[in-house]
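K.L.:
I would like the atomic coordinates for the input below:
(chains A, B and C)
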Amino acid sequence: MTGEQITFLVIALATLGSALMVVTTRNLIHAALWLIATLFSVAVIFALLSASFLAVVQVVVYIGAIAILFIFAVMLTRKDMRDQSPQLNKNWWVGALLAVLTFGGLYTLLQGWSGLSRTVADIPSGFDAVAELGTELTSFTGYVLPFEVASVLLVAALVGAVYVAFNPRSGDIRK
Amino acid sequence: MIPLSWYLILSAALFSVGLFGVLSRRNAVAILLGIELMLNSVNINLVSFWRYGNVMHMAGQVFAIIVFAVAAAEVSVGLALVISVYRRRNTVIADEIDLMKW
Amino acid sequence: MTTDILIWLIPLPPLLAFFLIVLFTNKSKALSHTIAVGAALLSWLGSMIVFVRALGVEHLGEHPLGGEPINWLPTGDTWFKVGVLIDPLSAAVLFFVAWTVLMIFLYSVGYHNFGQPAGDHDHAGLPPHGATVEEHGHKHVVPSVEPMYSRFFAFIGLFAFGMFTLVVSDNLLTLFVGWEIMGLCSYLLIGFWYGKPSARNAAVKAFMTTRVGDVFMLLGIAYLYSATGTLSFREIFTEEILHTLATIPSGVLGLSAAGLIGLLLFIGTVGKSAQFPLHVWLPDAMEGPTPVSAMIHAATMVSAGVYMVIRMFPIISLDEKTMAIVAFVGAFTALFAATIAVAQNDIKRVLAYSTISQLGFMIAALGIGAYVAAVFHLITHAFFKALLFLGSGSVIHGMEHGVLHTGNHKVDPQDMFNMGGLRKKMPITFWTFLIGGFALSGFPIITAGFWSKDEILADAFGHGHIFVFATLAIAAFMTAFYTMRQITLTFLGEPRTKEAEHAQETPWTMTTPLVILAFFAVTYGWVGIPEDFMGLHLQPNWFHEFIGGTLMEHPETLEFNWIPLLTSLIVALGGLGLGYFVYRNINSPAEDKLQIGFLKNKYYIDEIYDYVFVKPAIWVSEVLVSAWMDKGFIDGILHIFGPATGGLGSFIRNKFDLPVVNRFFGDGTADVTYWFGGKLRAIQTGRIQQYLMFALVVFIAVGAALYFFLLA
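P.N.:
Reported below is the predicted structural model:
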């Protein structure tokens, strides 16, 4: 067991543990916080995978924006600070079963794939992943189009979210 | 040496956990949390394949970037909707938002 | 035009006239009679040309005109051929048929009162009854035109076609075709005034009775065909065929094949020529208009029967038994009919029985082998009997004029006892009728009937058939007697009724044929004067030579004998004289001693036939077949089907269709679907997590199935 592997196992355990806490905690704020923990673990995994840029983006975007957004939403939709009602619905066992089945199915599918035990190749020296990523994202023979479309999507989402969640008591949106 | 399978199994497990969250939580916001977990598992998958395939080929990371963007968009809109519903119905329990039934 | 083609064309103009009148000119009387008389004229012209050319041929019997027959019906390897044949017999017959047909066609124009106005209450189907006209401010009733005028000419056109076909045929089949066409026309024309029940019944009676004869004739034809393989005269009348027929036994009554064929064919003639016992239709056939009686029942159709026997003489004469039967039937009928004729009061009935009697003479002549005599009498009889019938029609017309004048429709214009003194009112009719009557009686030298009848008697006596000779002599006596009776009652003396006083001569279209026929009635006899008549040396008997050539062996000429001649003279003159003396003073049926019951009622034969044949036939058809079998049995079975089907239908409807199909399947599926729908709607809870769960379950299930079936 190399150091890498041990690192990986620890991080994996952290990820899964936090994820489980996310879905089982009664208190939603706690769930959001556990989500932050999970997202952070995922960022570490990205770093392990030599996708350093993505790790940083993960922290900034997901934790810095999305998780915060979640906390906002939780706070805006709380009826009672001390909400003690159960957080799992009536048929949670069906959900659990399905989740297990899904995992089992994915695992089975993976076992049938020959490339599963691939080992990582070395990154060629002088290869700058970030620069390369930037080049790809903006080159016309690359992925500029999805990139731009994604930005349009974000704009649309922004506008849409504002419109949907607009509070009429604060003023007329049609002005 | 970490074989690819570890990462894939990790992502599969994360996905299943997220699925469990989506299916079983009462609160609508909690459902969105589950969705976030699933999206993250996808990202792990994508990046693993990038790393364990042809590193020169950036498609994996690009796809991951796009997923970030989409996840962000989706979460914002989804939470906006939940807030809007909360304002009207005064509830965030998914089971109580059931007007579109028989 | 070659003679052979002309012979083929002779029957066609009247047929064409029939079709044209029926299809196109029915409405126009003038056009119809023009077409009809024109057609008769064309056929007459053709017949005369053929006759003249035939006279010019040497040994016409061995080299008959007519060319080769044509292939008509395929019969296995060979063909059944039909053709035309003009040998001496058919040439002579063609001559008189053409003349009498033309005369009668012309006569019909006047008889049916062409040019007269339409009647007051005339109806198609009933005889015309007079029209009231205004003349100088004075109303009187004149004879009216026949409403079915064109129809009459169409029918007699078809009839003429049938007769000409029969005469020119060279084989028994087309002869039979012509025979049957004439039978049909006889039915149509006897029942011409179909509004009268007596006419309808008479038509059916005529057809049925002749049908009996025709069936036997057809059997004879079939037997002949099966025995010889041919029906053509040219082929039958050869030595070998005749010898074959004479020697094969037929198995019936000990007759040879020839004898049986001859007998069967003869029965056809018994029907068609009204010999005993199938004579009953001819007197009733007088219901038809007089031209019909003249043509069909005197000159042509009944002559066709005799013509056929004459034609088949070579076969009949092969068997003695058949000849004996023929002679007996002929002689018996001659006497039998003559006895009935003396007691008849209707002017046409007398002539009808007279026809039957004279036909008996001809048949008897054939039975005793007097071939030429029979042909001779056939021809002369045709002329003078047609003359007599047309004359009687003229008389009836004159009497009807009187009836219309007095307006007393109870007077029968055909009853001789209502006539009298007509010689002054209708002179042309009188003189021509007198010539005809004398010819019928056999008045010596100047009438044709004398020569022909004398020849028959001479042959009978000369060949030793004394029984036949005596019978025919007595019949000849009675013939002269009733003929003079008829002439006396009708024309001589004084008019017995007012109607007779107002009788009038008939127009030229009716009197001209009388005159022409009278000419033939006088002169035709002179072509057949025996060479050694009364011991003198005269010209050779042209007729004997000509007709005799038809047979393979020329019949021998008999030596002259005084006895038959004297007998002939005595019976003729005696009968005429007696008739005059007895009847010149009798004015009513009561005074007539010969009005004996069973003579007047035709020996009650009609009543016997009715009882023995007609009533049982009606019983079989009305009771047995119609009521019991058809309505009772067959309809009974059918009447089961209706209710049965109805019952089956309602059973299926009520027990299967309604409960199973309608309720179970129809309503049932609806109810089941509704129930399912009701149960299934529970799925739609509106809760998205449940929706997602369902989707995942299905997804996993399908995925697992695909994985295990496709990949594993």
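K.L.:
domain ranges for chain A, per the record?
P.N.:
Per the record, chain A has its domains at A:1-81, A:128-175, by automatic domain parsing.
K.L.:
and residue 86, how many neighbours does it have?
P.N.:
With no chain named, the answer covers chain A. 9 (other C-beta atoms under 10 Å in any protein chain shown). In this view, the C-beta of every residue, glycine as well, is placed from N, C-alpha and C.
K.L.:
I was thinking of chain B, sorry if that wasn't clear
P.N.:
Neighbours of B:Tyr86 under the rule other C-beta under 10 Å: 20.
K.L.:
isn't it right next to B:Val92, touching?
P.N.:
Yes - if you go by C-beta atoms under 8 Å, B:Tyr86 and B:Val92 touch, sitting 5.3 Å apart.
K.L.:
which neighbours do the two share?
P.N.:
Common contact partners of B:Tyr86 and B:Val92 (C-beta atoms under 8 Å, 6 or more residues apart in numbering or on different chains): A:Thr77.
K.L.:
OK, contacts around C:Phe477?
P.N.:
Counted by C-beta under 8 Å, 6+ apart, C:Phe477 has contacts C:571, C:574-575.
K.L.:
just A:Phe53 next, same as before
P.N.:
A:129-130, A:133, B:61.
K.L.:
now swap in C:Phe430 and tell me
P.N.:
Applying C-beta under 8 Å, 6+ apart to C:Phe430 gives the contacts C:422-423, C:491.
K.L.:
from those residues, which land in helices?
P.N.:
C:422-423, C:491 (DSSP state H).
K.L.:
tell me the one of the residues you listed nearest chain A?
P.N.:
Using C-beta to the nearest C-beta, the shortest approach to chain A within the ones in helices among the contacts of C:Phe430 belongs to C:Leu422, at 132.7 Å.
K.L.:
for the closest one, which residues are in contact?
P.N.:
Contacts of C:Leu422 by C-beta under 8 Å, 6+ apart are C:395, C:398, C:429-430, C:490-491, C:495, C:500, C:503.
K.L.:
A:Glu136 is in contact with A:Tyr143, correct?
P.N.:
Yes - with contact defined as C-beta under 8 Å, A:Tyr143 reaches A:Glu136; the gap is 5.5 Å.
K.L.:
and the residue of the stretch 451-600 of chain C nearest chain A?
P.N.:
C:Met552 (118.3 Å).
K.L.:
returning to what we had before: which of the contacts of C:Phe477 are buried?
P.N.:
Among the contacts of C:Phe477, the ones that count as buried by 16 or more other C-beta atoms under 10 Å in any protein chain shown are C:571, C:575.
K.L.:
what would the contacts of C:Phe477 look like in CSV with secondary structure and distance to C:Tyr225?
P.N.:
Below are these laid out as CSV (DSSP: H, G, I helix; E, B strand; the rest coil; distance: C-beta to C-beta, whole Å):
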residue, secondary structure, distance to C:Tyr225
C:Val571, helix, 44
C:Gly574, helix, 49
C:Gly575, helix, 46
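K.L.:
how about a markdown table for the contacts of C:Phe477, with pLDDT added?
P.N.:
As requested, the contacts of C:Phe477 are exported to a markdown table (pLDDT from 0 to 100):
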| residue | pLDDT |
| --- | --- |
| C:Val571 | 89 |
| C:Gly574 | 90 |
| C:Gly575 | 89 |
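K.L.:
out of the contacts of C:Phe477, which comes closest to chain B?
P.N.:
Nearest to chain B among the contacts of C:Phe477, counting by C-beta to the nearest C-beta, is C:Gly575 at 125.3 Å.
K.L.:
any idea how far that closest one is from C:Ser568?
P.N.:
From C:Gly575 across to C:Ser568, the span is 11 Å (C-beta to C-beta, to the nearest Å).
K.L.:
who touches residue 1 in this structure?
P.N.:
I'll assume chain A. Shown in contact with A:Met1 (C-beta under 8 Å, 6+ apart): no residues.
K.L.:
hm, I was asking about chain B
P.N.:
A:2, A:4-5, A:119-120.
K.L.:
what is the burial count for residue 103?
P.N.:
Going with chain A. Counted with other C-beta under 10 Å, A:Phe103 comes out at 19.
K.L.:
sorry, I should have been clearer: chain C.
P.N.:
27.
K.L.:
mind listing what it touches?
P.N.:
Contacts of C:Met103 by C-beta under 8 Å, 6+ apart are C:386, C:390, C:513, C:516-517.
K.L.:
host element of C:Pro74?
P.N.:
Assessed by DSSP states H and E, C:Pro74 sits inside strand C:70-75.
K.L.:
rewinding a little: any chance of the domains of chain A in a markdown table, with mean pLDDT too?
P.N.:
Listed next are the domains of chain A as a markdown table, based on pLDDT from 0 to 100:
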| stretch | mean pLDDT |
| --- | --- |
| domain A:1-81 | 90 |
| domain A:128-175 | 84 |
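K.L.:
let me know which of the ones you listed is tucked in deepest.
P.N.:
domain A:1-81 (a mean of 18; mean count of other C-beta atoms under 10 Å in any protein chain shown).
K.L.:
for chain A, which residues are neighbours of chain C?
P.N.:
Within chain A, the positions adjacent to chain C are A:89, A:91, A:94-95, A:98, A:101-102, A:105, A:108-109, A:112 by C-beta under 8 Å from any C-beta of the partner chain.
K.L.:
buried residues in stretch B:57-77?
P.N.:
Within stretch B:57-77, the residues scored as buried using 16+ other C-beta under 10 Å are B:58, B:60-69, B:71-77.
K.L.:
packing partners of the helix or strand hosting C:Glu240?
P.N.:
According to DSSP H and E, C:Glu240 maps onto helix C:239-247. In this structure, helix C:239-247 makes packing contacts with helix C:197-228, helix C:257-272, helix C:313-316, judged by 3 or more C-beta pairs under 8 Å, 6 or more residues apart in numbering or on different chains; DSSP states H and E.
K.L.:
still on that earlier bit, could the domains of chain A go into a markdown table alongside distance to C:Ser441?
P.N.:
Below are these laid out as a markdown table (distance: least, C-beta to C-beta, whole Å):
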| stretch | distance to C:Ser441 |
| --- | --- |
| domain A:1-81 | 148 |
| domain A:128-175 | 138 |
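K.L.:
report pLDDT for the residue in chain C that chain B sits nearest to.
P.N.:
Nearest residue of chain C to chain B (C-beta to the nearest C-beta) works out as C:Gly686 at 3.1 Å. Here the pLDDT value assigned to C:Gly686 is 83.
K.L.:
repeat for C:Gly213
P.N.:
In this prediction C:Gly213 is given a pLDDT of 93.
K.L.:
how near is the closest residue to it other than its chain neighbours to C:Ala627?
P.N.:
Take C:Gly213 and drop its neighbours on the chain: the residue closest to it by C-beta to C-beta, 6 or more residues apart in numbering or on different chains is C:Gly271, 1.9 Å away. Distance of C:Gly271 to C:Ala627, given as C-beta to C-beta: 31 Å.
K.L.:
please list the residues of chain B that sit near chain C.
P.N.:
So chain B meets chain C at B:19, B:22-24, B:31, B:94-95, B:97-102 (C-beta under 8 Å from any C-beta).
K.L.:
which residues do A:Tyr143 and A:Glu136 both contact?
P.N.:
Listed as contacting both A:Tyr143 and A:Glu136 by C-beta under 8 Å, 6+ apart are B:58-59, B:62.
K.L.:
format these as a markdown table; extra columns: secondary structure.
P.N.:
Listed next are these as a markdown table, based on DSSP: H, G, I helix; E, B strand; the rest coil:
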| residue | secondary structure |
| --- | --- |
| B:Met58 | coil |
| B:Ala59 | helix |
| B:Val62 | helix |
